[in-house]
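1. Could you look at this predicted model? Sequence included:
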Amino acid sequence: MGKADIVFYSLAKLGASYKIMANITLGELASKGSDGSEPTPVDMVLAAKIQQMRDLLGKPVHINSVYRTVKHNASVGGVAGSYHTQGMAADIWFGDTFADRIPDEEAAQCAEYVGFGGIGLYPGRIHVDTRPGRYRYRKPGKDYITVAGFPGYALPVAPEPEPVVDPATAESVPVELLCRCGGLIATVEGIRLDGSIYAPVRQLCESLGHTVEWTGDKVIVK
Ligand SMILES: [Zn+2]
């Protein structure tokens, strides 16, 4: 992770809509206000992790800022030597609209899950970067934070569907009620449903203090 993963792309040659990842274009990663004359450094690990977050969260990613030229970084009040000036950081949010975006805390948990080195929570966006080691912070302020849910973001898992028994497959079957000597006491109507036979005799016998044994469609009363 880091400088070795950086690939330089020419915005002037490739155009803003050139796809770096399935849902990330070169234009989104280039420095704002750049005329494209200088190459844009793209950290492929950064881009891949953002794409992974986008896939996990299932919402469009909005990239406010990735690469900043040193000049642009200074103009937005960025920290000198910021990972943004090396193309290793992005300020992002996820959602169809800003108003219904994925909550910042949840986006940070997802960033944690995909293994970003640096994660910052800002009102309305998160900062992620591929620095070596771990750094977590919240702005405003410079508090070191622990991201809720660390170490993993777990996607909500849909409950297993209940097995459905189709009542249309139920069939009426005769159930022989036998005494233990083998004599037939009665034949009652049972229902075969989903491989099991249901007959009211078991309940009746057990309520009278008998034990019952089922073998196929026969019930032996003891
Ligand atoms: Zn940032």
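-> Sure thing, it's come through.

2. Go ahead and report the secondary structure state at the closest residue to the ion within the chain.
-> Relative to the ion, the nearest point of the chain is residue 127 (3.4 Å; C-beta to the ion). C-beta here means a position set from N, CA and C on the backbone, and glycine is covered the same way. Following DSSP: H, G, I helix; E, B strand; the rest coil, the label given to residue 127 is strand.

3. Where does the prediction get shaky in this structure?
-> Within the chain, the ranges that satisfy pLDDT under 70 run 1-4, 141-158, 202-203.

4. who in it is up against the ion?
-> Neighbours of the ion within the chain, by C-beta under 5 Å from the ion: 89, 91, 127.

5. Go through those residues and single out the one with the most neighbours.
-> Highest neighbour count within these: residue 89, with 26 neighbours (other C-beta atoms under 10 Å).

6. Next, the distance between the ends of stretch 96-107.
-> When the termini of stretch 96-107 are compared using C-alpha to C-alpha, to the nearest Å, they are 14 Å apart.

7. export the top helix by length along the chain as CSV, just CAs?
-> Counting residues, the longest helix found in the chain (DSSP state H) is helix 44-57. This file holds the C-alpha atoms of helix 44-57, laid out as CSV (Å, rounded to 0.1, in the frame of the first residue of the first chain):
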residue,chain,number,x,y,z
MET,A,44,-5.3,2.0,-7.3
VAL,A,45,-5.7,0.6,-3.8
LEU,A,46,-7.7,3.7,-2.8
ALA,A,47,-9.9,3.4,-5.9
ALA,A,48,-10.5,-0.3,-5.4
LYS,A,49,-11.4,0.1,-1.8
ILE,A,50,-13.8,2.9,-2.6
GLN,A,51,-15.4,0.7,-5.3
GLN,A,52,-15.6,-2.1,-2.7
MET,A,53,-17.4,0.2,-0.3
ARG,A,54,-19.8,1.3,-3.1
ASP,A,55,-20.6,-2.4,-3.8
LEU,A,56,-21.1,-3.2,-0.1
LEU,A,57,-23.2,-0.2,0.6
